[in-house]
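Chemist: sequence and predicted structure, then a few things I'm wondering about:
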Amino acid sequence: MTTARDTPARGTTARGATVRRTAGLIGSRRAAIGAGVVFVALLALAGWTFAWLAQGGQPWNGDYREPARLVSWLLGSISEPQYYAVAPAGALLLVGGLLGHVAHRTSWRHRGFTQACGSGLWPWAAGSALASLVLGNLIWGWTLSPGSWQPLFVPLVSVAPAVVVLYGPGRRIALSAAVLGALLTPPASILAVEYVCGPLNLPPVVGATTGMWLGAAVAFWICGRLRWMPSAGAWRANKPAAAGPENSLLWVPRRALADFSEAQFFGNEWASATLLAGAVVAHLISSSSTAYGSGLFSAVLASQVITAFAGVLIWRKRWRQHGFYPTFVPVVSVAPATVLAFGGSLQSILVGALAGALIAPPVAAAISSRLPKTFHPFVGNVASMSLCTALIVPALRLVPGFTS
């Protein structure tokens, strides 16, 4: 039973509500100003990368005394999962990711798919991934030599964002994820590329993704033993499940577009559109810069578009059943790897795209469904990239008449 003494006065309640509303408005304005500043800074960074590319900027060779080359290398690494590996594409992907996040927070009508596996934790996932990328390059950059390549991009698309999405937001979680990703995935990928892909004549993506799932297995085992980490998935206990496909005719092209940025845990149309815009413009400025200087950017992009649309169309029922299906897997593995392996021939574009769309998503889903609950499903996705690419590309070499 309450008394008059226990009941707050009406004026006090009103003043408290006013204070809370004012604090909320101030917080929203600060967030908007902060997002605007970051947005402008990223656009300026993208502009610098275009200028750098137009002037014939040279790639980083592991020399920490060349910060401009290092920044360009890091930004290029952001678009490396798509085989673009150019700084403008990486910078504009971040611009699109921020735009997609703001659109989600402010409930734009055309906000697109929610980023970070539908969790909305884009700032935490992207921040941890970028920190892991920078830290990994600082630790393992010495493995580079002039004219060489190493899969130093792998922390960006593996352990760091996956740990954040699995364990939830928080500084300790994000920092732990960044450190584990930087320490574990680059050496595993470097060794796999050197001692597995080289001797067996396999595409480098096989070694890079092998390092991702090996490093992730160790990282998730460690996370389960860190006292400050919460229970895996506990933060999402009361969150709504991801929505399945819409009945709109636009859902298929939207989902196919979003799959272009799913490897970075963005999976949003705005992010993918800006990524592609940056890659296309960079290719127009310097055609020798994209797709690792192979000159096959157009063929790579064509294969990715075909496999993205084919995968979403073929597996749309699985999207409806599960709310998510890994149709993005061949976009960043089988399709472009086949194009590079066979010189961009029409055969390699079509066969790589269609074989990847048919085989890679169900293999990824099958592996992910059998993982422990303390493992993020991305482990199954990258394992599928390794396995399917290692099977499809060598098999095509045995097909009579399948040439570059």
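Modeler: In hand now; what should we look at? Everything quoted here is computed from the prediction, not taken from an experiment.

Chemist: shaky segments in the protein?
Modeler: For the chain, the stretches flagged by pLDDT under 70 are 1-31, 34, 55, 57, 238-247, 403-404.

Chemist: what do you get if the cut-off is 50, keeping everything else the same?
Modeler: 1-10, 17-27 (pLDDT under 50).

Chemist: how is it carved up into domains?
Modeler: According to automatic domain parsing, the chain comprises the domains 23-116+268-286, 119-241, 296-404.

Chemist: nearest to V252, of the ones you listed?
Modeler: domain 296-404 (5.3 Å; C-beta to C-beta). All C-beta spots, glycine's among them, are computed from the backbone N, C-alpha and C.

Chemist: quick one, which of the domains of the chain gets closest to E262.
Modeler: Nearest of those to E262, taken as C-beta to C-beta: domain 296-404 at 3.7 Å.

Chemist: against A279, how distant is the most centrally placed residue in the chain?
Modeler: Most central in the chain under C-alpha atoms, centre = their mean is Q264, positioned 0.5 Å from the mean C-alpha point. Per C-beta to C-beta, to the nearest Å, Q264 is found 14 Å from A279.

Chemist: run a quick neighbour tally on T114.
Modeler: Neighbours of T114 under the rule other C-beta atoms under 10 Å: 19.

Chemist: isn't L144 right up against N61?
Modeler: Yes. At 5.6 Å, L144 counts as touching N61 under the criterion of C-beta atoms under 8 Å.

Chemist: show me which of those two is the more surrounded one.
Modeler: Legend: neighbour count by other C-beta under 10 Å for L144 and N61, higher for L144 (18 against 15).

Chemist: wait, what's in contact with the more buried one?
Modeler: Contacts for L144 were tallied using C-beta atoms under 8 Å, 6 or more residues apart in numbering; they are 60-62, 150, 152.

Chemist: which ones among these lie within strands?
Modeler: Within the contacts of L144, no residue falls in strands by DSSP state E.

Chemist: now the two most distant members of those.
Modeler: Going by C-beta to C-beta, the pair spanning the contacts of L144 furthest: N61 and L152, at 12.2 Å.

Chemist: send the alpha carbons of stretch 70-87 over as CSV?
Modeler: What follows is stretch 70-87 as a C-alpha-only set of coordinates in CSV (Å, rounded to 0.1, in the frame of the first residue of the first chain):
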residue,chain,number,x,y,z
LEU,A,70,49.5,1.4,-46.0
VAL,A,71,46.2,3.3,-45.9
SER,A,72,45.5,2.5,-49.5
TRP,A,73,46.4,-1.2,-48.9
LEU,A,74,44.0,-1.4,-45.9
LEU,A,75,41.1,0.2,-47.8
GLY,A,76,41.8,-2.1,-50.8
SER,A,77,41.7,-5.0,-48.3
ILE,A,78,38.1,-4.1,-47.4
SER,A,79,37.0,-4.9,-51.0
GLU,A,80,39.3,-7.9,-51.4
PRO,A,81,36.8,-10.6,-50.5
GLN,A,82,35.0,-9.6,-53.8
TYR,A,83,38.3,-9.9,-55.7
TYR,A,84,38.3,-6.1,-56.4
ALA,A,85,41.1,-5.1,-54.0
VAL,A,86,41.0,-1.4,-54.7
ALA,A,87,40.9,1.3,-52.2
